Structures are given as structure tokens and as C-alpha cells.
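Trainee: Show me how the following folds:
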Amino acid sequence: MQAELPLKRCDQGGAMPVNKFILLFAACVVTLGLPRPAHAQVERVEAAWQGVRFDIHGFDEVVALVEQHHVLPQVPPRAWAMAVAGASKTLQPSLDLLPAGLYKRMSSNEMTAPLVAGERIALSNCGAEAAGVIALRPSGDDGPAPTNVEELRALRQRHRDFARELRDGWQDAAVPKETARCLLQAFAAQLAIAPTPTQDPEVPADLDWRTAALTRFWRQAANHFLSAMDAHGSLIPTALFAQYEHEAAVQQAVDVGLVALREGNEVRVQRVERGGPADAAGIQKGDTLVEIDGRAVATWGGWQLMQALEGKPGSAVELVIRPDKGPKRKLKLLRRALETSTVASYAGGEQTGVAVLRVPGFASGVAAAVMPRLQDVAVEQKRKPIAVVLDLRGNGGGWVKEAVALTDRFLSRGVVASEHFRDGPPEVFQATENMDDIRLPLVVLVDGECRSACELVASALQDQDRAVLVGQRTYGKGSVQAVIDAKAGPWSVLVTIAIYRGPRGRTLQAQGVDPDVPVVTQSAAAQAVAREADSAMALRPNEPLPPHKSSLANKELATCVAVRQQDSAAWRLAMRQSDAVLLTGIDYAACLAERAGR
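Mentor: Residues are numbered from 1 along each chain as shown. Predicted coordinates:
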């Protein structure tokens, strides 16, 4: 295996090969610490842009970087159309640009006509009408106001459907580059002479309105151009990316330093961060968490527990803890920022001998933490584990090098993955045999939130017949992004430069990894998780290879699991209700161990 894959931004001027600075998108724009609401991420990005000027020269450099490095050999016409459409929304007053075919279809439909209502503006210059572009001054009238919740929901659904149709409509829009540039320059010229409003709350005090308006205009043009190339292109201030990079390298949480999960009818502490408030209060792994701020938690899931434990630095939370031995304790702890462990571990069920490793994301140190966490389970069970369940559910990805290194801990030889660029030979990641390789039988849990680097791991272990995959189909992000610093200003461009493939040569992009053992829970079905393929701009490589199923998942193994599932032990009945996917994974792991004579 390649010992080290440098993960840093390209130098100013791009002197070094861009493929030496590869990272997955999740590590760039989704910090690998605590999940943040989408609106919080947007606010953070906008704050980082305050005071930064972006003009036509910045836009031109974005286009040049895409043309030079993007995995697509040519810029699709929709990219030019969407650049103009995005920028035109920042005009004063704004313009809506629509594909002529979509406008004609929607305006003739009574239900959708209000969505495209407005004054039609002639675009006689630049050849826009010949390119099939319609410009509207939106009326702002969505029709009759909703009078009840059902009508409000229906209106919101119409808006979502319209947004999807608009993206699909631009897919085939043949807007030439010359037409797009002509329109952008014409619109920018209008902004340059537009009357200055008396007040604009979005403009900082130290930046004049016209400069801010033109910056917004060209930024929107660049962002829509990038997003039209594929679902992951982005423009981001370099300083903000540096913050993301730091947060991905050093996971931090603002809580009391403990991880708890429901086991049957109780919530037990699975991990206590050394030096954290919980550790200082004497809370230990295996203690039962009874209450948080006066609320009983026996029926709570992992996400609800995490939300209750998190909070602002210095804020207090009251816990009721019942130690393994001794009376209940009521504790008042103060939350603070903590560096957190990258891997959690615990015994799977009662007396099964199965160790569960929970990996929420591929931050720095994940691969190195696996063996110590397995040793923790050995101490807890007073015997070495006989099999491992690797829980990757909800893992949004992260550093490629950590995903490859983790896979290498379970593989002794063979291909882990390969990255395929627009030009040149692919880069292949190989596993190598090491003294500390983990050779225990293995089950991997996946779901629709397993993305990017997470899918790389799942695909490699399945393709190499090393593990049985249990759960739901993964998200389907099989593309690789590079962050390239610009010359024209303090911003960076996120460009998709490669598609990665599993050991058998199949791409995961817009397809994902299918589990060997599908387990669909009621919650998973209710959530109906959106996947990469649901995006109109998702890359869709031509893939003739069918999905591979692990040879380990045969009828003999299924028969063994069916026998185990007849067991009506109390812990099994409780886990069947709380986490059927985990229970299935534990059963398959135990049967793999039994078949291996462990």
C-alpha cells in the first residue's frame, strides 16, 4: 500500500501535479466533527466571503481550472447556461432565466403556470433567444396563499419539483460559451450603472454597494458554473478551507466527553474521553446513563443522545448515572471543547465474542485507533474477540489515506481502489501484509449515508470477499475532488478530477455499494435518504459491470444466521427493536467465526 498520500492544497500557481493533492469532498465542506445544520454552513461560508472581492478575472480563472483539470473532457453547455441563470438572480431587480422548452410546458399548465409567471424580458442581444433562453422578471405571485397545512405542503412540493425540472431543463440547453459570456458581461454592465440603493443590509460597512453587488454576481456565476459540472464543484475562500482542513484533522466536540448507546432497555456509556468532564467526574465505560437534564433516556436513540449531550462551551448538563456497582449518582457537568477519539468500540450483545467498531468518519488517526479499540473490547469481555462488526453507517467520508489505511488493516494483499483521471494512467492503491493485520471474520454495516471514503472501504472489503456487507445501499459518491488555490485572489476551487473504482473495476459513482444482506428498517424506509443519483448534476459514468456479492454470504451462512435468530434472549429481543441492522451484523459475524472454527 502507498504509505502516504499528501493531503494539502495546491501551491499558488499550481506548480505541482494536481493529482498529488487529492481529498474527498466530505472532508472539504463537511467537517468531520459534529454535524452542523445546512443553514449554519451557509452562514459560515457567507461570513468568510465578507470583504473579499471577486470579479470577471476570478470567474475566468475558475473556468480555466475546470477546463484544465475536471474529469469531464469538455464543459457541457448546461454549465454556461446555469452560470448566467445563477448570476442573473443577483440583479436589481432579479431575472429568472429558463430553458424555452420548460417555460412553454409550465406556462401552459394551470398548476405550474404561477411558478413561471412574470414579465417576459427580451434578450435580443448575444443570441440568447436563438440558444433557447427565456428571461422573466418574476412576479412573486405563487397564486392563492395557502389556507391550511396541506396546501402549504403542496406549495412547497411544487417549488421543489420546479427546482428539479429547472435543473433537468438546463441539462440539454445548448447555450454556447460565447453567448453566455456576452450575457454575463451585459448584465454586469447593468449593475455597474445601476442606481445605488439607500440601504442594503447584506453589504458590510467597509465595502461599497456596487463592489459588493458585482462580487455577488460573479460569485454566483462561478458557483453555478461549478455545480453544473457535477454535484460537488464549489468556490470557497481559502481561509475557510484551511479551517475545514484543520477541523477534519483534529476532531473536536463540545460536550462532556462521553459516548452512550442504547443496549436493550438501558443506555450504557461506551466510551469516556480521557481528561474530559465525564472522566473527571468518575464516569466509567459500562455505567448506565439514566437521565439527561431530568429526562429518562432509556428509549432514546444515538442521535437524540448526542444532541442532548452537546451544547455551548461552559453550559451545564445534569446527568443521572448508575455505576455497575453502587447507587445512582446525580452529576452536574460543564461542557467544553474536546479532542475526540476517532473510533468507538464495544461488545456486540451478550457473550457473543463479537466486537463492534464504530467509525463515524475518516479523520486523521482512524486506522491507528482500530487495534487499541479491539483491545478495549478484549478487556471488557475478558477474552479476545472472535469476529468484528465494522459499523460505517452514517459515515460521511473523509481523508482517502485513512480509508485506504483502515482497509489495509483487514486486507493482506490485493487492490483497495483505483483513481481514474481524465488523462494518464490510473493511480492504484494496494494492500500489503503486515504483522498487525486483523484477520478476524468481518461484517460491515452500511446505509444510505455511507459516502465517499466510506464507500471505498465497503467496496474493497466486499470485492475482495473479505467481509459480508449488511444494511442498505450506500450513497453513491465515487468521485474525487482536488482543492486548487487561485492566483487571482484568496479563494480556492473544488474541482472533480477523478472517478474511483473498486478492486473489480466497477465505479461507485451514482450507483453506490449494494449490501450482501439487505436489512431495511422502518426508520430507514421512512427517511427515504436522498442519494447521489438523485442529483440532476451527478456524474453518471457508463458502467457495464454488475455489482459484486461477497462469496462469504452463501446459503450455509444464511442458514446459520436463521438458527441464531430463533434465540429469544432478552437482549436480542430488545436489540431487534432498537437496531435490527446491528443485530443482523452480530449474527453474521458470529456465524462467520463459527464457520472459521473460532
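
Trainee: Name the residue closest to the centre of the protein, please.
Mentor: In the chain, the residue lying closest to the centroid (CA atoms, centre = their mean) is Gly396, at 4.3 Å.

Trainee: you'd agree it is in a strand?
Mentor: No - counting by DSSP: H, G, I helix; E, B strand; the rest coil, Gly396 is not part of a strand but coil.

Trainee: Hmm, it is touching Gly361, no?
Mentor: Yes - contact criterion CB atoms under 8 Å: Gly396 and Gly361 qualify, at 5.9 Å. Glycine gets a C-beta too; all of them are placed from N, C-alpha and C.

Trainee: And the helices in the stretch 351-500 of the chain?
Mentor: Under the criterion DSSP state H, counting those that start in this stretch, the stretch 351-500 of the chain contains helices at 366-381, 400-410, 453-463.

Trainee: Can you list the buried residues in the longest one?
Mentor: Spelled out, it's helix 366-381. Val366, Ala367, Ala369, Val370, Arg373, Leu374, Asp376, Val377, Gln381 (16 or more other CB atoms under 10 Å).

Trainee: Relative to Lys477, how far out is the first one?
Mentor: To tie it back to what came earlier, the one meant is Val366. Look at Val366 and Lys477: by CB to CB, to the nearest Å, they are 18 Å apart.

Trainee: The biggest helix by length in the chain - contacts with which helices or strands?
Mentor: Taking DSSP state H as the criterion, the chain has its longest helix at helix 149-171. In terms of contacts (3 or more CB pairs under 8 Å, 6 or more residues apart in numbering; DSSP states H and E), helix 149-171 is packed against helix 77-88, strand 96-99, helix 100-107.

Trainee: Lys312 is nearest to which of the ones you listed?
Mentor: Judged by CB to CB, the one of the helices and strands packed on helix 149-171 that comes nearest to Lys312 is helix 77-88, at 35.6 Å.

Trainee: what's in contact with that closest one?
Mentor: Contacting residues not belonging to helix 77-88 are listed as 59, 66, 94-99, 131, 133, 135, 170-177, 179-181, 183-184, 187, 217-218, 220-225, 227-229 [CB atoms under 8 Å, 6 or more residues apart in numbering].

Trainee: which intervals of the stretch 401-550 of the chain have sub-threshold pLDDT?
Mentor: Applying pLDDT under 70 to the stretch 401-550 of the chain flags residues 522-529.

Trainee: scratch that, the stretch 51-200 of the chain is what I was asking about
Mentor: Applying pLDDT under 70 to the stretch 51-200 of the chain picks out residues 124, 128-131, 140-146, 149, 172-173, 197-200.

Trainee: Apply 80 and report the result again.
Mentor: The stretch 51-200 of the chain contains residues with pLDDT under 80 at 111-112, 115, 122-125, 127-132, 139-164, 166-168, 170-174, 194-200.

Trainee: Give the burial count for the residue lying closest to Glu165 once chain neighbours are set aside, as a bare number.
Mentor: Excluding the flanking residues, the one nearest Glu165 by CB to CB, 6 or more residues apart in numbering is Leu102, at 6.2 Å. Neighbours of Leu102 under the rule other CB atoms under 10 Å: 20.

Trainee: Also Leu392?
Mentor: Leu392: 28 surrounding residues under other CB under 10 Å.

Trainee: Quick check: it touching Val444?
Mentor: Yes - in terms of CB under 8 Å, Leu392 counts as a neighbour of Val444; the distance is 6.1 Å.

Trainee: what residues do the two have in common as contacts?
Mentor: Residues touching both Leu392 and Val444 by CB under 8 Å, 6+ apart: Val457, Ala458.

Trainee: With distance to Arg164 as extra columns, can I get the helices of the stretch 351-500 of the chain in JSON lines?
Mentor: Output for the helices of the stretch 351-500 of the chain, formatted as JSON lines (distance: least, CB to CB, whole Å):
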{"stretch": "helix 366-381", "distance to Arg164": "36"}
{"stretch": "helix 400-410", "distance to Arg164": "31"}
{"stretch": "helix 453-463", "distance to Arg164": "24"}
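
Trainee: need the next SSE after the helix or strand containing Ala562, C-terminal direction.
Mentor: Per DSSP states H and E: Ala562 is located in helix 555-564. Downstream of helix 555-564, the next assigned helix or strand under DSSP H and E is helix 570-578.

Trainee: Send me that following helix as PDB with only the CA atoms.
Mentor: What follows is helix 570-578, C-alpha atoms only, in PDB (Å, rounded to 0.1, in the frame of the first residue of the first chain):
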ATOM      1  CA  ALA A 570     -33.900 -10.700  26.300                       C
ATOM      2  CA  TRP A 571     -31.000  -8.700  24.900                       C
ATOM      3  CA  ARG A 572     -31.800 -10.000  21.400                       C
ATOM      4  CA  LEU A 573     -35.400  -9.000  21.600                       C
ATOM      5  CA  ALA A 574     -34.500  -5.600  22.800                       C
ATOM      6  CA  MET A 575     -31.800  -5.100  20.000                       C
ATOM      7  CA  ARG A 576     -34.200  -6.300  17.400                       C
ATOM      8  CA  GLN A 577     -36.400  -3.400  18.300                       C
ATOM      9  CA  SER A 578     -33.700  -0.800  18.700                       C
END
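
Trainee: hmm, back to that, so which of the helices and strands packed on helix 149-171 comes closest to Leu592?
Mentor: helix 77-88 (47.5 Å).

Trainee: that older thread, how about a markdown table for the helices and strands packed on helix 149-171, with distance to Ala280 added?
Mentor: Converted to a markdown table, those look like this (distance: least, CB to CB, whole Å):
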| stretch | distance to Ala280 |
| --- | --- |
| helix 77-88 | 51 |
| strand 96-99 | 57 |
| helix 100-107 | 61 |
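
Trainee: Of all the ones you listed, which one comes closest to Tyr346?
Mentor: With CB to CB as the measure, helix 77-88 is the member of the helices and strands packed on helix 149-171 nearest Tyr346 (47.2 Å).

Trainee: and that closest one, how far out from the chain's middle?
Mentor: Going by CA atoms, centre = their mean, to the nearest Å, the spacing between the C-alpha centre of helix 77-88 and its chain's C-alpha centre is 25 Å.

Trainee: Kindly report the same for stretch 390-401.
Mentor: 10 Å.

Trainee: Check stretch 71-81 too.
Mentor: Relative to its chain's centre, stretch 71-81 lies at 24 Å (CA atoms, centre = their mean).

Trainee: Between the two ends of it, what distance do you get?
Mentor: Distance across stretch 71-81, first residue to last, is 20 Å (CA to CA, to the nearest Å).

Trainee: list the buried ones in it?
Mentor: Using 16+ other CB under 10 Å as the burial criterion, the residues of stretch 71-81 that qualify are Val71, Val75, Pro76, Pro77, Arg78, Ala79, Trp80, Ala81.

Trainee: which one of those is nearest Val457?
Mentor: Nearest to Val457 among these, counting by CB to CB, is Val71 at 21.8 Å.

Trainee: Nearest residue to the closest one in space, ignoring adjacent ones along the chain?
Mentor: The spatially closest residue to Val71, leaving aside those adjacent along the chain, is Arg422, at 5.0 Å (CB to CB, 6+ apart).

Trainee: The one you found contacts Gln68, doesn't it?
Mentor: No - applying CB under 8 Å as the test, Arg422 and Gln68 come out as separate, 9.6 Å apart.

Trainee: one step back: from Lys555, how far off is the residue nearest to Glu165?
Mentor: The gap separating Leu102 from Lys555 is 51 Å, by CB to CB.
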